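*Asks:* Following is a predicted model, sequence given first.
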Amino acid sequence: MEWSDSWRGAFRIELRAEAIGMAWRGWPVLPGTYPAGLRWEGRDGARNEGPVPVHQDWAQRVGTDPEQVASWWSGRPYTLLVATGFVVDAVEVGGELGRATAAALRAAGVPVPIAATPTGRWLFLIASEPGSGRDSGALRSGLGEHQDITLHARGSWIPLPPSPFQHGVVHWRVRPQVCGWQLPDIDVVRDALLSALHSTGADRSLTASRT
């Protein structure tokens, strides 16, 4: 994917608008490194596997006002990161499990914001529990030990649309507007994950891991 100067300029405007909109809703937006050639620009060092916060003290910048957020995107097409553990948490899974989980949620009639990355990862957004310090164990039912499931809570972050990657952009599978920007409790996604694992036969690995 070519990252021309004109493309970067146009895309920066879209990223900035999305970042401001999320900041106004109280989501803890952070600027992240962005792809340039074979490197992730915007921070000392390179990290080829994905974006990281531009600021080393990113945790102290959580809750920055929308005006400051707007200034972050005034010159560079930073990826749009959201710090988890404050307003938003996320359950990250692979593509196959993501599709099965999304199907389980549709069958249950429960809309959940879902984003997907060009690397094939799906992110199911859920409400965080500030001060709980919850980690992967909060998934329970053995899901926290599943190699294809990661819970992003306090101390982590996630990229959200339209963040650029080396070979595409992060995009919405289900937009937050569909849910009225209301995030579900973790139990909703956990139940859908269990249903998806059962439907694919992958839940046998959970049983084996607990015996």
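*Replies:* Arrived safely, thanks for sending.

*Asks:* List the contacts of the residue nearest the centre of the chain.
*Replies:* When C-alpha atoms, centre = their mean is applied to the chain, the residue found nearest the centroid is residue 158 (3.4 Å). Counting by C-beta atoms under 8 Å, 6 or more residues apart in numbering, residue 158 touches 81-82, 84, 88, 90, 92, 115, 123, 152. Quick note: C-beta positions are derived from backbone N, CA and C, even for glycine.

*Asks:* can you do 10 Å?
*Replies:* 32, 51, 80-84, 88-90, 92, 115, 117, 121, 123, 125, 150, 152, 170 (C-beta atoms under 10 Å, 6 or more residues apart in numbering).

*Asks:* and if you look at residue 55?
*Replies:* 30-32, 42-43, 61, 72.

*Asks:* residues of the longest helix anywhere in the chain that come out buried?
*Replies:* Criterion DSSP state H: the longest helix present in the chain is helix 5-24. For helix 5-24, a neighbour-count test (16 or more other C-beta atoms under 10 Å) marks 11-12, 15-16, 18-20, 22-23 as buried.

*Asks:* any idea which element the residue nearest to the centre of the chain lies in?
*Replies:* Residue 158 belongs to strand 157-160 when elements are defined using DSSP states H and E.

*Asks:* could you pull out the helices for the protein?
*Replies:* For the chain, helices defined by DSSP H occupy the ranges 5-24, 66-72, 95-108, 186-200, 203-209.

*Asks:* Okay, buried residues for stretch 73-84 please.
*Replies:* Within stretch 73-84, the residues that count as buried by 16+ other C-beta under 10 Å are 73, 76-84.

*Asks:* ok, back up a step: just checking: what are the partner strands of the strand holding residue 158?
*Replies:* Sheet pairing here is set by DSSP bridges, and for strand 157-160 it gives strand 79-83 (antiparallel).

*Asks:* what are the bridge partners for residue 150, then?
*Replies:* For residue 150, the beta-bridge partners under DSSP bridges are residue 92.

*Asks:* Near it, how many other residues are there?
*Replies:* Residue 150: 18 surrounding residues under other C-beta atoms under 10 Å.

*Asks:* so who does it touch?
*Replies:* Contacts of residue 150 (C-beta under 10 Å, 6+ apart): 90-93, 121, 123, 136, 139, 144, 156, 158.
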